[in-house]
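> Sequence first, predicted model second:
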Amino acid sequence: MKRTAIIIIIAILGGLLASCGEEDRPLPKPKGYFRIDMPEKNYVKVDTINRYAFEAPDYAVITNDPFSPEEKNWINVEMPRFKASIHLTHKDVKGNLGEYLEDVHTMITKHLQKANGMNDSLIINPDRKVYGMLIEMDGKGVATPLQFYLTDSTANFVRGALYFNFVPNNDSMQPVINYLRQDIDRMIGTFEWK
């Protein structure tokens, strides 16, 4: 009787193991994200601002800053397809360039609390008298992954920051951030003072 019970148990276990093939077992799917199609790159000159001009992607919409309507040289480069915008603010330099640079430093420091790291690149274009810095911040919850400032060091100062119109998850948005980085590079490379 013992031997028969053991054989029956082994047969049942063998049958269970044989029925648990890989093809029959449902597997959990990895977490995924929606595919984001990137438009072809075409640029147009934005020459409607009093103090500066640059090239922007043709899928962008230029709007005045709704929070500072009295500032005619403050604009948003809106990219509705990506729910993103680049905020550009202009200030006159009147011996206060150091104050504006300190403001940039303060803004970057606030965002560094959410960042894993930061890279900065100098911008030097003596032919156009455009000098500044591009700052990239890595991290899942960084509100402005790309920021920059440009100045001629004597009369003009522009600060730019990329924002998304939703709670950021920059790990999944990295392809879009990289794509928009090309547009910001083009803006900076074609930037000129009036």
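Cool, got the structure.

> From now on I want contacts and neighbour counts done on CA atoms only, so please keep to that.
Noted.

> ok, Gly160 - how many residues close by?
By other Cα atoms under 10 Å, the residues close to Gly160 number 24.

> same check, this time on Leu162
22.

> Same check on Tyr149?
Residues contacting Tyr149 under the criterion other Cα under 10 Å number 24.

> Check it and give its pLDDT.
You'll see Tyr149 listed with a pLDDT of 97.

> Report the secondary structure state of it.
Using DSSP: H, G, I helix; E, B strand; the rest coil, the structure places Tyr149 in strand.

> contacting residues for it?
Tyr149 sits next to Val104, Gly132, Met133, Leu134, Phe157, Val158, Arg159, Gly160 when contact means Cα atoms under 8 Å, 6 or more residues apart in numbering.

> Not counting sequence-adjacent ones, nearest residue to it?
Arg159 (4.2 Å; Cα to Cα, 6 or more residues apart in numbering).

> Kindly report the same for Arg128.
Spatial nearest neighbour of Arg128, chain neighbours left out: Glu192 (6.0 Å); criterion: Cα to Cα, 6+ apart.

> Identify the bridge partners of the one you found.
Beta-bridge pairing for Glu192 (DSSP bridges): Ala53.

> From Val93, how far out is it?
16 Å (Cα to Cα, to the nearest Å).

> Which one's more surrounded, these two?
Higher neighbour count among Glu192 and Val93: Glu192, with 20 against 17, using other Cα under 10 Å.

> So which bits of the helix or strand in which Val77 is found are buried?
Element membership of Val77, judged by DSSP states H and E, is strand 75-79. Buried residues in strand 75-79, counted by 16 or more other Cα atoms under 10 Å: Ile75, Asn76, Val77, Glu78, Met79.
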